[in-house]
Each structure stands twice: as structure tokens, then as C-alpha cells.
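Enquirer: Predicted model and sequence below, questions to follow.
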Amino acid sequence: MRILIIGGVAGGATAAARIRRLDESVSITIIEKGAHISFANCGLPYYLGGEIPSEENLLLQTPEGFYSRYRVNVRLPEEATAIDLAAHRVTVRTADGRTYEEPYDKLLLAPGAEPAIPPLQNMDDPRVFTLRYVNDAAAIKNFIREHNVRSAVVAGGGPIGLETAENLKRSGLDVSVVELSDQILPPFDYDIACHAAEYLKKTGLKLYLQNALASVGAGEGGGLLLTLKDGHTIETGILVMCTGVRPDTKLARAAGLRTDGRGCVIVDAHMRTSDPDVYAVGDAVLTRHSVSGALSQHALAGPANKEARVAADNICGLASEYKGPQGSAILRLFHRTAAMTGISEKTAQALGLDYEKSYTHSLSHAEYFPGAADTLLKLIFERGTGRLLGAQVFGSDGVDKRTDVLAMAIRAGLRAQDLTEVDLCYAPPFGSAKDPVNIAGYVAENLLAGRLKQFHWHDVAALPRDGSVTLLDTRTEWEYARGHIAGFQNIPLDDLRERRRELPQGRPVYLTCQIGLRGYLSARILMQNGFEVYNLAGGYRLYSVIFPE
């Protein structure tokens, strides 16, 4: 059997290796238009910042090594230009412009995605870069060194854009980020993104949100002059475009394979396209999300590798199914980490799900052990059943392990209240007897059982200030004096039992504290004394980050 793979990197190379492990008899050929068969594209920003010292560290495999280990024929740089589905042939163009036809019995498409560049003039300027391949990163590093570049603008505030911005900043450049959305990290929810933005501003990054490039021209100092949609101008040494990607599916569409409106290839659970002898994996395909059930594109290395394994199994006759991605993702932001798994709140809203959410601030390990740091955990779960839908975590230590635990809990079908019983490792340097995951479970359990009612940061503005409800802040007088929500009176938690008679009976009480814990304790006191009480989820800390004074 002749197996032809178009595209290497994560999807194509993984599938080829798996096919060879399953079947020594087949012929495997990879056609790759780039300079490398397999490289760590997730490491490109860190090569820019110098943490990955050389290009060689990014190269995972060579054509010679791949043939020696797996007897896979790798042809690069060669580009597949057409697919004849009926004849089972692919037209290939070589580096010197010649063309030939390559037959196949089974075809696997792993073309990946290509940078989405806005249609502006001067985007071909040598000071404008993209970051998709090893050669791109090398070109940026060389240009910075050779031209003594002191500043950079990154267009795009998504994960890749922010990783690029961080590493350019670590290299000593003055860095600005321009993002079309009203938040950085568009896959995350607005409230979590606000925490990340607040921190990034403290590192010296300049953020231009709800903005976009309007024009790119020459500056007076030999650099670029960028004009933004709001009229603001920035002079910069280089511009790095990280404005997202689009599926590289020209071949598939021209061949008549089924795609969606964005051009993504539609596949079944076996990773088979609309042609039974053609499979597709990676950034270019649509798969069904394991939590929401919706068809979606996931340009992530983890799903690409899993899809490639499933496709290889089926090509070799094994009945294997891909159960869908979960959207687990993580990124470092200087000394902080942001991670997510499952679906976001905005996705839950778009799908019309009946959900609840909670926010908890917990320490990364035992408070008395040096170095404990705050961890913000947002949990999204189904109202009534408690089915876990998603989680987002932001902090400086242990974010990865908490998110991984929650990813496993979602995959295993646990409910939010089940997190109270998850038995996690504890020793003072690593965690607390009540892990942040357990704490999130306790809050969710209280909400689901009706022992706690809450309101959210986006509800505050609509609260009446006419005396029909009681607005109460239960922090200390010192905390209250440093900043509070307008209209909220102050009775510290430790005085509440003695002063509760100051609160009018028969009026709902909306209360806040710093992070939600003292508010919960206050709510339990007042609820047991006949009050209807609502606690501000995430407390004043969350509110003040979203609405800074």
C-alpha cells in the first residue's frame, strides 16, 4: 500500500511514525513545502528571547534521521499543487520548478494553517514579519541584531502574540501589543484576561486594546510608522504579525473535499474526509469539541498529535475514533501563567447553556511556607447537575497542575461538587491540605446546594442605590478606606454578629469582601438570622481589576 502524506510537523510526522509502527510493509512518503520535516513551532517565541539557544534545538527530526528510523521518504522543499481524487494522484512541484505526479492508495492531509495578514499596504516591508516557521524566527533575530532594533510592535494579543511580546521584551526591546478585541487572550473570558492585562502593564508592555492597524508606513528614524484605527501612531523598529491563522486548505477545496465556510476540512471521528481514501488532521480540520459537542477548529499541537494517531490507526485498519479536543491550553506571561480547559463562559453563553460560575483565590501552597502566591481559579459548571464545563486559572505557581487536574476531571465526567473529594498530593512546598481545586469544589457545592447565593461583577452597576436593598462591605475599615464600591457601607466581618441589627430586616443584602471568603462567612451569619443574602463572586479584588479606579 502506498501512503502519501502532505505536510510534516506535528500531524504529518506523527502519523507517519505511527503508521510505520503498525505496518512494516507499506510505502510512506511525506511531501513538505517548508525547510524542515518536524520542528517545535511552539518554541519559536522562546528562541526569539534566547531561552532556546539555537535553531538546532527546535528541529525535532531530519529527513535523514526519519528515513533511518522509520524508512519514511521525506521530500522537501516540495509543494503539492493539485489532488486528483479519481486518479489517486497528487501533482508536486520541486524546488527548481519541475512538476511530477505521485500516486497514492491512502492520502493524509496535514497542511496546517497560514498567517492571516490584513490587506494593508506595505506589508511586504522587510521590517514586517510573521512567526510561523523556524526561518521566520531566525529572520527576526538577525534583523534585530544587524539593525540594532530597540522597539517592536506585536499585532495580535492572543497566546502567540503575547509569548512573542514577552520574549522580545526579555531581549531588551520596548514592546507594544495591538489587539482588535477589547481584551487580550481572546480564548479566555474577559474577567480572567483583565487580570493578565493588569499584570502585563506592570512589566512595561504597552497594550492597545479595541484597536487595529490602519496603515503601515515609513517613520522618520528609519523604522516603521504605524497608525492605529483610533488615530494613535507608533514608531517602531519592527512589526511582528500575530493576528491569527487560517486553514491552509487550498488543495483540499480545489480537489472538491468538503469544507466549512472558513475553509476548514470536515472530517468524521476517524479523521476521514468526504473522500474515503483521504484523511486530514491538524490546524486545517474541524472536529467536535468533547464538552460542547460543537464543530470547531483547534490550532493546537496536542489535538494535532492525537488526530494523527487516530488517522494512522484507521489507515492501517484499526477502528479508532477521536473523541474530540477539550481546548486545554497554557501560556507563560513573564512570572505569571494563564491556563484553561473545557469551554469558556462566553462559549457557554453562545451555546445557550444553563450554567453557573465561581471564582476562588487560593494560595499555591501552604501559607506558612515561603513563596506562597495567589491563584485565581474560575470554574464553569452546569446549574442543577454540576457537570463541569470549563475552568480558567491565573497565577504564578502550580497553575499547570491545577488546570491539568481539572482537565482530567472534565474528561472523566466528574461534577463540580465531586472536586471536594479529589485526593491530591500535599506537602507544604507543593500545596495545601485544602488544594485550590478542592476549594473550587467547596464553593460549587455550596452554590448547587443553595447554601450560598451570589452576584457578579457585571451585576453591580444595576444594583439599586435607593435603600431598597442593603449594600454591605465586610472588609476591615483599613481595606474599605483604600477603595470600595460606591454605595456599599462598611461593617467588618468580626463586628457583624454584634452589629447585624443595624441592617434593616426584609431587605436583600448584597455584600462583598476582598476575595469572597469573608463574604461567604458573613452570608452564613446573616442567612441564619433571617436575611436574604447575595455574595459578590470573586470579591472586591476581581471587581477592582475589571473596573480600576
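Expert: That came through, no problem.
Enquirer: Just grab the bridge partners of the residue minimising distance to the centre of the chain for me.
Expert: Nearest to the geometric centre of the chain sits Ala329, at 4.6 Å (CA atoms, centre = their mean). With DSSP bridges as the criterion, Ala329 is bridged to Met340.
Enquirer: OK, contacts around it?
Expert: The neighbours of Ala329, taking CB atoms under 8 Å, 6 or more residues apart in numbering as the test, are Pro159, Pro187, Leu300, Ala339, Met340, Thr341. From N, CA and C alone the C-beta is placed, and that goes for glycine too.
Enquirer: With Leu542 instead?
Expert: Taking CB under 8 Å, 6+ apart as the test, what Leu542 contacts is Asp191, Tyr359, Leu376, Trp457, Ile515, Leu536.
Enquirer: Could I get the phi/psi values of it?
Expert: Taking degrees, to the nearest 10, you get phi -60, psi -50 for the backbone angles of Leu542.
Enquirer: same question, Gly237
Expert: Taking degrees, to the nearest 10 as the convention, Gly237 sits at phi -80, psi -40.
Enquirer: Then Leu471 would be within a strand, right?
Expert: Yes. Assessed by DSSP: H, G, I helix; E, B strand; the rest coil, Leu471 belongs to a strand.
Enquirer: which residues does it bridge with?
Expert: Applying DSSP bridges, one finds that Leu471 bridges with Tyr510.
Enquirer: pLDDT value on it, please?
Expert: Predicted confidence (pLDDT) at Leu471: the value is 98.
Enquirer: Can you report how many residues lie near the nearest residue to His484 once chain neighbours are set aside?
Expert: Leaving out its chain neighbours, the residue that sits closest to His484 by CB to CB, 6 or more residues apart in numbering is Asp473, at 5.4 Å. Asp473: 26 surrounding residues under other CB atoms under 10 Å.
Enquirer: Please verify my assumption that Asp473 contacts Gly487.
Expert: No. Using CB atoms under 8 Å, Asp473 is not in contact with Gly487, being 9.7 Å away.
Enquirer: for the stretch 401-549 of the chain, which spans come out with low pLDDT?
Expert: Of all residues in the stretch 401-549 of the chain, none has pLDDT under 70.
Enquirer: At which residues are the helices of it located?
Expert: 436-449, 477-482, 493-499, 517-527, 539-546 (DSSP state H, counting those that start in this stretch).
Enquirer: Determine which stretch of the ones you listed is the most buried.
Expert: Counting by mean count of other CB atoms under 10 Å, helix 436-449 has the highest mean neighbour count of these, with a mean of 22.
Enquirer: Which strands and helices lie in contact with it?
Expert: Packing partners of helix 436-449 (3 or more CB pairs under 8 Å, 6 or more residues apart in numbering; DSSP states H and E): strand 355-363, strand 374-382, helix 399-411.
Enquirer: how far out from the middle of the chain is the next helix or strand after the second one?
Expert: Using DSSP states H and E, the helix or strand that follows strand 374-382 towards the C-terminus is strand 388-395. Going by CA atoms, centre = their mean, to the nearest Å, the spacing between the C-alpha centre of strand 388-395 and its chain's C-alpha centre is 11 Å.
Enquirer: what do you get for stretch 466-479?
Expert: 37 Å.
Enquirer: So which bits of that stretch are buried?
Expert: Neighbour-count burial for stretch 466-479 flags Val469, Thr470, Leu471, Leu472, Asp473, Thr474, Arg475, Thr476, Glu479 (criterion: 16 or more other CB atoms under 10 Å).
Enquirer: neighbours around Lys323, how many?
Expert: Counted with other CB under 10 Å, residues neighbouring Lys323 total 12.
Enquirer: For it, which non-adjacent residue is spatially closest?
Expert: That would be Ser290: by CB to CB, 6+ apart, it lies 5.7 Å from Lys323.
Enquirer: how near is the one you found to Gly327?
Expert: 9 Å (CB to CB, to the nearest Å).
Enquirer: So the two - more neighbours on which side?
Expert: In terms of neighbours (other CB under 10 Å), Gly327 is the more surrounded of Ser290 and Gly327; the figures are 24 against 16.
Enquirer: show me what contacts that one?
Expert: Here Gly327 is in contact with Pro187, His289, Val291, His298, Met340, Thr341, Gly342, Ile343, Gly390 (CB under 8 Å, 6+ apart).
Enquirer: picking up where we left off before, for Ile266, find the nearest of the helices of the stretch 401-549 of the chain.
Expert: Among the helices of the stretch 401-549 of the chain, the nearest to Ile266 by CB to CB is helix 436-449 (36.0 Å).
Enquirer: what element comes up after the helix or strand that contains Ile19 heading to the C-terminus?
Expert: Using DSSP H and E, Ile19 falls within helix 9-22. Counting by DSSP H and E, the next helix or strand C-terminal to helix 9-22 is strand 27-31.
Enquirer: Run through who's touching that next one.
Expert: Residues contacting strand 27-31 (CB under 8 Å, 6+ apart): 1-8, 12-13, 16, 19-20, 37, 66, 70-76, 78-80, 90, 92, 102.
Enquirer: Just those: which are in helices?
Expert: When these are checked against helices (DSSP state H), the matches are Gly12, Ala13, Ala16, Ile19, Arg20, Phe66, Tyr70.
Enquirer: Could you dump those residues into TSV and include neighbour count and pLDDT?
Expert: Below are the ones in helices among the contacts of strand 27-31 laid out as TSV (neighbours: other CB atoms under 10 Å; pLDDT from 0 to 100):
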residue	neighbour count	pLDDT
Gly12	29	94
Ala13	27	93
Ala16	29	97
Ile19	25	98
Arg20	19	98
Phe66	23	91
Tyr70	18	95
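Enquirer: Using CSV, lay out the residues you listed together with distance to Leu228.
Expert: Output for the ones in helices among the contacts of strand 27-31, formatted as CSV (distance: CB to CB, whole Å):
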residue, distance to Leu228
Gly12, 39
Ala13, 40
Ala16, 45
Ile19, 49
Arg20, 51
Phe66, 45
Tyr70, 49
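Enquirer: and of these, the nearest to Pro276?
Expert: Ile19 (17.2 Å).
Enquirer: partner residues bridging Gln454?
Expert: Going by DSSP bridges, Gln454 is paired in beta bridges with Asn535.
Enquirer: hey, where'd the strands end up in the stretch 201-350 of the chain?
Expert: 206-208, 213-218, 224-228, 233-236, 238-241, 245-247, 265-266, 278-280, 285-288, 295-296, 329-333, 336-342 (DSSP state E, counting those that start in this stretch).
Enquirer: Check the stretch 51-200 of the chain too.
Expert: 59-61, 73-75, 79-84, 89-93, 99-103, 106-109, 113-115, 128-130, 151-155, 174-178.
Enquirer: any chance of those in CSV, with mean pLDDT and distance to Arg253 too?
Expert: Output for the strands of the stretch 51-200 of the chain, formatted as CSV (pLDDT from 0 to 100; distance: least, CB to CB, whole Å):
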stretch, mean pLDDT, distance to Arg253
strand 59-61, 83, 29
strand 73-75, 96, 23
strand 79-84, 97, 10
strand 89-93, 98, 15
strand 99-103, 98, 20
strand 106-109, 98, 11
strand 113-115, 89, 14
strand 128-130, 97, 22
strand 151-155, 98, 27
strand 174-178, 98, 31
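Enquirer: For Ala212, find the nearest of those strands.
Expert: strand 174-178 (6.6 Å).
Enquirer: ok, and what's touching the closest one?
Expert: Against strand 174-178 from outside (CB under 8 Å, 6+ apart): 150-157, 161-162, 165, 168-169, 184, 204-208, 211-213, 226, 228, 234, 236.
Enquirer: ok, now stretch 462-480?
Expert: 455, 484-493, 496, 503-504, 507-514, 518-519, 522, 540.
Enquirer: still on that earlier bit, taking the buried residues of stretch 466-479 as a set, which two sit the farthest apart in space?
Expert: Val469 and Thr476 (23.0 Å).
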